[in-house]
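>>> Based on what follows, work out the 3D shape:
(one chain, ligands or ions: 1)
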Amino acid sequence: MKENRETTGRENWSGRLGFILAAAGSAIGLGNIWRFPYITGENGGGAFILVYLLCVAIVGLPIMICEITLGRHTQRNPAGCFAMLTPKSSLLSHFLGAGMVLTGIALLVFQSYGWGIAALVLGALVFRKSWRLVGIMGVLTGFLILSYYSVVGGWAIGYAVKAAANQLSFDSMEPAKETFVNFVSNPLPVIGFHLLFMLLCVLIVYKGIQKGIETACKIMVPLLFIIMLMLILRGLTLPGADAGIRFCFTPDFSKLTAQGVLIALSHAFFTLSLGMGAMITYGSYLGKDENIFGAAVWIVALDTLFAILACLMIFPAVFAMGFEASEGPGLLFQVVPAVFHKIPFGPLWAVLFFLLLLMAALSSGISLLEVVTAYLVDERKWPRHQAVVLSGIVIFQLGALCAVSLGDWEAMRGTEKIITACFGGAKASFFDLIDNLTSNWMLPLGGLFIALFTGWIWGVRKAIEEIRHGSKNFADVHLLTLMAGLKDDPSHNGGTHPLTLATLWGIFIRFVCPVAILITFLHTIGWLNLTP
Ligand code: PFF
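Numbers count the residues shown, from 1 in each chain. Prediction:
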């Protein structure tokens, strides 16, 4: 670990725990507490959770290992990482680029202008920039996600303030809904809270890797866990809470649709912070002798634990109070205040809850800002402080547009035509546009390319060489030997084994992950219909 710092002048995590908590902090966020419970509610509960767990194990974990490995090997931000490893000429990327250009032309001929132009531009870029584009796209995705993420982080601050002022006591859903709609559509206070959230992110990232990000996560992640346990205990002790538990843990597969499976897969990317190089960036500060496989398993397990805990925190309370589980994105901001109103010391619980949401958002927001910062520092040679402050200012401005777009649609006139062209007439706000573009498209697409690049271009062999530092069991011990608890016992470990964690991982990265993601895309575009 020391060796890294001396040879590259790059700051490192203080150790394994610091890295795991920072990366888990990035993964655990609004995705777990706000999004996961409502998509679980909309997709039928237990069965959806099972499918989600499968997606995390099959696609999430292998790509997590991939990103951390790429980062540690290159010690760069995503753009620098791909620039460093991209070969001079790649047949696959030329082939992909040409294919996309041809598809774009075909779409234009069939008068699908939005998709046609998108495919044409992207194809040309893929052809020219080759795999470098994946890294650049990652930095751009981080920039875009943080702009709207920070607005929602601001809502959490706003709601914590409202709860503290006892302005969230509703005895039914209607006033709760009205308050939420009024709150988000009033741009000035929302922009103020969004500014506050961005300031907090800038402040933490400004302090650097160890003093800023690591210290903040070492405080926030354990605190998140404690607050969540308190809220779960409160919810579970309400009369009627068992219906909520049954909803989470009794799988009813008749409620599961193909769409639900696809939602589970794209959520796996979002919640694990995969597909845009956040883990490449965090991995770039990881010491050479740390165990990548072990750390990846920890990060994925912690994130999954928090998602399940979030359901345990919300559904028992929702059912106990007789509310609908399938309330949609408003579940958290509308149902939760109404639930807290009905229990003793409601405002106190509500403040705790929104502080929890704020901390989760903050530990993820800083990782998004770090991606952009690392790019400016590594590639543009900006001083770190300047990079943090300037990217913070620009992201704040884009976020302010997102905030305004939710309230006063008229103020965003001009974007309507672009949005209509891209989304076939469905009216969407700028906020929804960026959310949809990044979570449903850019992250899974980034994940697909990261897997293809590692599996077929950079090569599984080189990746495994990197993982081997700090994790001998990964590549050299037969899986059965390992499962039997014999670890790297030389008497069981002569010669090269065909079945190790490494070979299994290679197969997933080369075949299973790309195919799973491709199926998702084909379904989303409508070229493959999985619905019976
Ligand atoms: N994983 C975060 C969440 O679940 O809220 C969101 C996120 C953070 C996505 C960082 C991507 C990222 F790079």
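>>> Test my guess that V202 contacts V389.
Yes. Contact status for V202 versus V389: in contact at 6.3 Å, counting by CB atoms under 8 Å. C-beta here means a position set from N, CA and C on the backbone, and glycine is covered the same way.
>>> Between these two, which is the more surrounded one?
V202 (24 against 14; other CB atoms under 10 Å).
>>> Could you tell me which residues make contact with the more buried one?
L369, V388, V389, G392 (CB atoms under 8 Å, 6 or more residues apart in numbering).
>>> Please indicate which of these are buried?
Buried residues within the contacts of V202, defined by neighbour count using 16 or more other CB atoms under 10 Å: L369, V388, G392.
>>> burial measure for the residue nearest to K462 when sequence neighbours are not counted, as a count.
Spatially, and ignoring its direct neighbours in sequence, K462 is nearest to H73 (7.7 Å; CB to CB, 6 or more residues apart in numbering). By the measure other CB under 10 Å, the count of residues near H73 is 23.
>>> Secondary structure element holding A310?
helix 292-320 (DSSP states H and E).
>>> next structured bit after that helix?
Going down the chain from helix 292-320, the next helix or strand is helix 336-341, by DSSP H and E.
>>> can you pull the buried residues of whatever helix or strand comes next after that following helix?
The helix or strand immediately downstream of helix 336-341 is helix 346-378, counting by DSSP H and E. Across helix 346-378, burial judged by 16+ other CB under 10 Å covers 346-347, 349-378.
>>> restrict those to those near the ligand?
By CB under 6 Å from any ligand atom, the members of the buried residues of helix 346-378 lying near the ligand are S364, S367, L368.
>>> Save those as JSON lines, and put in pLDDT too.
Below are those laid out as JSON lines (pLDDT from 0 to 100):
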{"residue": "S364", "pLDDT": "98"}
{"residue": "S367", "pLDDT": "98"}
{"residue": "L368", "pLDDT": "98"}
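>>> out of those residues, which one sits closest to the ligand?
S364 (4.0 Å; CB to the nearest ligand atom).
>>> Was I right to think that closest one contacts A27?
Yes. Here S364 lies in contact with A27, judged by CB under 8 Å, at a distance of 7.5 Å.
>>> Now the common contact residues for the two.
Common neighbours of S364 and A27 (CB under 8 Å, 6+ apart) are S273.
>>> nearest residue to L501 other than its sequence neighbours?
Leaving out its chain neighbours, the residue that sits closest to L501 by CB to CB, 6+ apart is F474, at 4.9 Å.
>>> How about L355?
A160 is the one closest to L355 (CB to CB, 6+ apart), at 5.5 Å.
>>> related to what we said a few turns ago, pick out the most distant pair among the contacts of V202.
L369 and V389 (10.6 Å; CB to CB).
>>> T141: what's it in contact with?
G275, M276, T438, M442, L443, G446.
>>> Ramachandran coordinates for it?
phi -60, psi -40 (degrees, to the nearest 10).
>>> Against the ligand, how distant is the residue nearest to it when sequence neighbours are not counted?
Using CB to CB, 6+ apart and skipping residues adjacent in sequence, the residue nearest T141 is M276, 4.0 Å away. Distance, M276 to the ligand, using CB to the nearest ligand atom, to the nearest Å: 5 Å.
>>> rewinding a little: okay, and which of the contacts of T141 map to helices?
Mapping those onto helices (DSSP state H) picks out L443, G446.
>>> ok, of the contacts of T141, which one's closest to the ligand?
Distances from the ligand to the contacts of T141, taken by CB to the nearest ligand atom, are shortest for M276, at 5.0 Å.
>>> Now do the contacts for the closest one.
Residues near M276 by CB under 8 Å, 6+ apart: P78, M137, G138, V139, T141, G142, I145, V371, M442, L443, G446.
>>> residues from the protein in reach of the ligand?
Residues of the chain lying near the ligand (CB under 6 Å from any ligand atom): 26-27, 29-32, 142, 145, 270-271, 273, 276, 278, 364, 367-368.
>>> ok, back up a step: buried residues in the helix or strand harbouring the residue nearest to L355?
Per DSSP H and E, A160 falls inside helix 132-164. Neighbour-count burial for helix 132-164, counted by 16+ other CB under 10 Å, picks out 132-160, 162-163.
>>> now do stretch 185-200
Quick answer for stretch 185-200 (16+ other CB under 10 Å): P187, V190, I191, F193, H194, L195, F197, M198, L200.
>>> Same question for stretch 222-236.
Quick answer for stretch 222-236 (16+ other CB under 10 Å): L224, F225, I227, M228, L231, I232, R234, G235, L236.
>>> of all those residues, which comes closest to the ligand?
Nearest member of these to the ligand, counting by CB to the nearest ligand atom, is L224, at 12.1 Å.
>>> so who does the closest one touch?
I28, F306, L356, M359, A360, S363.
>>> can you redo the residues you listed as JSON lines with pLDDT?
Shown next, in JSON lines, are the contacts of L224 (pLDDT from 0 to 100):
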{"residue": "I28", "pLDDT": "97"}
{"residue": "F306", "pLDDT": "96"}
{"residue": "L356", "pLDDT": "93"}
{"residue": "M359", "pLDDT": "96"}
{"residue": "A360", "pLDDT": "96"}
{"residue": "S363", "pLDDT": "97"}
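>>> Can you add distance to S254 and give those residues back as CSV?
Below are these laid out as CSV (distance: CB to CB, whole Å):
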residue, distance to S254
I28, 31
F306, 28
L356, 34
M359, 38
A360, 33
S363, 37
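>>> Run through the strands of the stretch 101-250 of the chain in chain order.
Here the stretch 101-250 of the chain has no strands by DSSP state E, counting those that start in this stretch.
>>> Mind listing residues that contact stretch 77-90?
Taking CB under 8 Å, 6+ apart as the rule, stretch 77-90 contacts 70-71, 73-74, 76, 130-136, 138-139, 276-277, 280-281, 284, 371, 374-375, 377-379, 453, 457-458.
>>> go with 7 Å
With contact meaning CB atoms under 7 Å, 6 or more residues apart in numbering, stretch 77-90 is reached by 70-71, 74, 76, 130-132, 134-136, 138-139, 277, 280-281, 284, 371, 374-375, 378-379, 457-458.
>>> returning to what we had before: any figure for the gap between the residue nearest to K462 and the ligand?
With the distance defined as CB to the nearest ligand atom, H73 ends up 19 Å from the ligand.
>>> go on, D252?
On the measure of CB to the nearest ligand atom, D252 and the ligand end up 26 Å apart.
>>> My read is that that residue contacts A47, right?
Yes. Here D252 reaches A47: they are 5.6 Å apart, a contact under CB atoms under 7 Å.
>>> neighbour count winner among these two?
Per other CB under 10 Å, whichever of D252 and A47 has more neighbours is A47, with 19 against 13.
>>> tell me what whichever strand or helix holds that one is packed against?
A47 belongs to helix 46-55 when elements are defined using DSSP H and E. If you count contacts as 3 or more CB pairs under 7 Å, 6 or more residues apart in numbering; DSSP states H and E, helix 46-55 packs onto helix 242-249, helix 258-271.
>>> pLDDT on it, on average?
Averaged over helix 46-55, pLDDT sits at 95.
>>> Stretch 10-17 now?
So the average pLDDT for stretch 10-17 ends up being 94.
>>> Contacts for that stretch next, please.
Contacts of stretch 10-17 (CB under 7 Å, 6+ apart): 1, 4-5, 19, 22, 75, 208-210, 214, 285-287, 290, 295.
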